[in-house]
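Undergrad: generate coordinates for the sequence data below:
(chains A and B)
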Amino acid sequence: MQAFRGKAYSIFRVVQKPVLAGFPFLQQLDPNMISGLSLVFSPIAYLLLSERAILASIVTIFFVLLLDAFDGVVARAKGQTGSRDGWMVDVAVDRLSEAIICLVLSRFFILLTITNMGLALLSCKYKKHIIIPLRQITLVILIAYFLLQSHPIFSLLDQIVFCW
Amino acid sequence: MNTLGHIFFANLLLVFGAPSIVSPTTLIVTSIAAVITDLDHLAHLRTALKTHRFKSETRTMWHEIPGLLLAMAASVAVTFFSASLGQSLLIGFVSHYFLDLLTRPTRPFYPLNEKVVFLGLAPRNLRKLTAYDAVITATFGVILIAGLQG
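TA: Residues are numbered from 1 along each chain as shown, chains lettered A, B, ... in the order given. Just a heads-up that it's a prediction; the model follows:
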C-alpha cells in the first residue's frame, strides 16, 4: 500500500505543477476549508446511497475524493507540505467522511470503518500512516454494483453492500 | 453545534437515510445518542456560563475519535440484538462528531495528541457563531418537520 501511495503521489506531483502555474488563486485557498467541503458532501453520498441512486452516489463519492486530493495540492502550493497538523486534519476528515458514507452500507463496511479509525489512532501514536483506503474501495465496489446489475453475481454483491 | 442542532441533524439522517426504521423509539434513541456525548461538557458548565462557550479543552476522549470508535463498536454490538436500534445509535453518534468537526474546534486524536483542528467553515466570533448556529438549526428543523410530515 505504501508503494502504491508513493507512486500515486509522484504522479500527482507531476500533474500539480501545471495546475498551480495555471491557477495562482489556489495559493489563496485554505486547505482545511477544502477538507471541510469534502466532509460537507459526504452526507449527500449517504442520502443518495440510501435511495439506491448508485450512479449519482458514485459521482458524489468521486467528487469527495477529488476535493480530498485537492486540499493536498493547495497545501503544497502554500508550502505546507509534510506538516503533522495537516495530516491530522486530513485523517480526521477522512475517517468521518467514511463513517457517514458507510452508515447506509452493510455491517461489513461499518466494521471496516471502525477498523480504520483504530488504524488512524495507531498511526497517530506510532507516527506511521497505515490506513485502509475505504472510500476508494467503496467506490470500486459501487462501480461494480452499477455495472453488474444484470449479472448473476449481483445478488451476492447486493448482500455484501447493503444487507444487514 | 447546539443540542437542538445535533438532534435535528441526526434525525434528518435517520428520516431521509433510513426511512424503513423510523419509529418513535428510533427517533428518541437517535436523539439521545446525538446529545449524550455532550454530557462531558457538564463539568465545565460554570466556566462556560461566564465565557458563553465550551472550549475545545472541555472535550474529553469520549467526544473525539477514540470515543466515537468505542461508541460505534457498541452500536454494532447492539445491531445483533436489534438492527434498527443499533442503526439509530450509529446515526446519532456519528452525526454528533460530524457536526462538531465541521463547526467547532476539536481535538480529534485526544488523548494521543492535543492538537486542535478547526476546518474554518463556521465563524469563531461568538455573536456570528450564535447567528450561524441559529440559521443552521432552524434549517435542519424545517427540513426535518417537512420530512416527518411527507
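
Undergrad: what's the first helix or strand after the lowest-mean-pLDDT helix or strand in chain B?
TA: Within chain B, no helix or strand scores below helix B:45-51, which has a mean of 73 by mean pLDDT, DSSP states H and E. Using DSSP states H and E, the helix or strand that follows helix B:45-51 in sequence is helix B:65-79.

Undergrad: which of the residues in that following helix are buried?
TA: For helix B:65-79, the neighbour count (16 or more other Cβ atoms under 10 Å in any protein chain shown) marks B:65, B:66, B:67, B:68, B:69, B:71, B:72, B:75, B:76, B:78, B:79 as buried. From N, CA and C alone the C-beta is placed, and that goes for glycine too.

Undergrad: what sits closest to the third one if chain neighbours are left out?
TA: Here the nearest residue to residue B:67 in space, its sequence neighbours aside, is residue B:61; by Cβ to Cβ, 6 or more residues apart in numbering or on different chains that works out to 5.4 Å.

Undergrad: tell me who's in contact with that neighbour.
TA: Residue B:61 makes contact with B:67, B:110, B:111, according to Cβ atoms under 8 Å, 6 or more residues apart in numbering or on different chains.

Undergrad: what do you get for residue A:43?
TA: Contacts for residue A:43 were tallied using Cβ under 8 Å, 6+ apart; they are A:100, B:13, B:98.

Undergrad: how about a cut-off of 6 Å?
TA: Residues counted as contacts of residue A:43 (Cβ atoms under 6 Å, 6 or more residues apart in numbering or on different chains) are residue A:100.

Undergrad: any idea of the pLDDT on it?
TA: For residue A:43, the model assigns a pLDDT of 94.

Undergrad: residue A:82 too?
TA: 65.

Undergrad: from residue A:70, how far out is the residue nearest to residue B:122 when sequence neighbours are not counted?
TA: Of all residues not flanking residue B:122 in the chain, residue B:103 sits nearest, at 4.1 Å (Cβ to Cβ, 6+ apart). With distances taken as Cβ to Cβ, to the nearest Å, residue B:103 is found 22 Å from residue A:70.

Undergrad: go on, residue A:159?
TA: Distance from residue A:159 to residue A:70, counting by Cβ to Cβ: 35 Å.

Undergrad: who's more crowded, the two?
TA: Each of residue A:159 and residue A:70 has its neighbours counted (other Cβ atoms under 10 Å in any protein chain shown); residue A:70 has more, 19 against 11.

Undergrad: isn't residue B:21 right next to residue B:82, touching?
TA: No - using Cβ atoms under 6 Å, residue B:21 is not in contact with residue B:82; the gap is 9.7 Å.

Undergrad: more neighbours: those two, which one.
TA: The neighbour comparison of residue B:21 against residue B:82 (other Cβ under 10 Å) goes to residue B:21, with 21 against 15.

Undergrad: next, the more buried one: phi, psi?
TA: phi -110, psi 10 (degrees, to the nearest 10).

Undergrad: and the helix or strand hosting residue A:142, what does it pack against?
TA: Applying DSSP H and E as the criterion places residue A:142 in helix A:134-147. Counting contacts by 3 or more Cβ pairs under 6 Å, 6 or more residues apart in numbering or on different chains; DSSP states H and E, helix A:134-147 is packed against helix A:54-77.

Undergrad: what distance do you get for residue A:37 to residue B:73?
TA: The gap separating residue A:37 from residue B:73 is 29 Å, by Cβ to Cβ.

Undergrad: got it, and residue B:83?
TA: 16 Å.

Undergrad: ditto for residue A:72
TA: Distance, residue A:72 to residue B:73, using Cβ to Cβ: 30 Å.

Undergrad: same check, this time on residue A:130
TA: Taking Cβ to Cβ as the measure, residue A:130 and residue B:73 are separated by 19 Å.

Undergrad: swap in residue B:28?
TA: 22 Å.

Undergrad: same deal with residue A:156?
TA: Following Cβ to Cβ, the distance that separates residue A:156 from residue B:73 is 27 Å.
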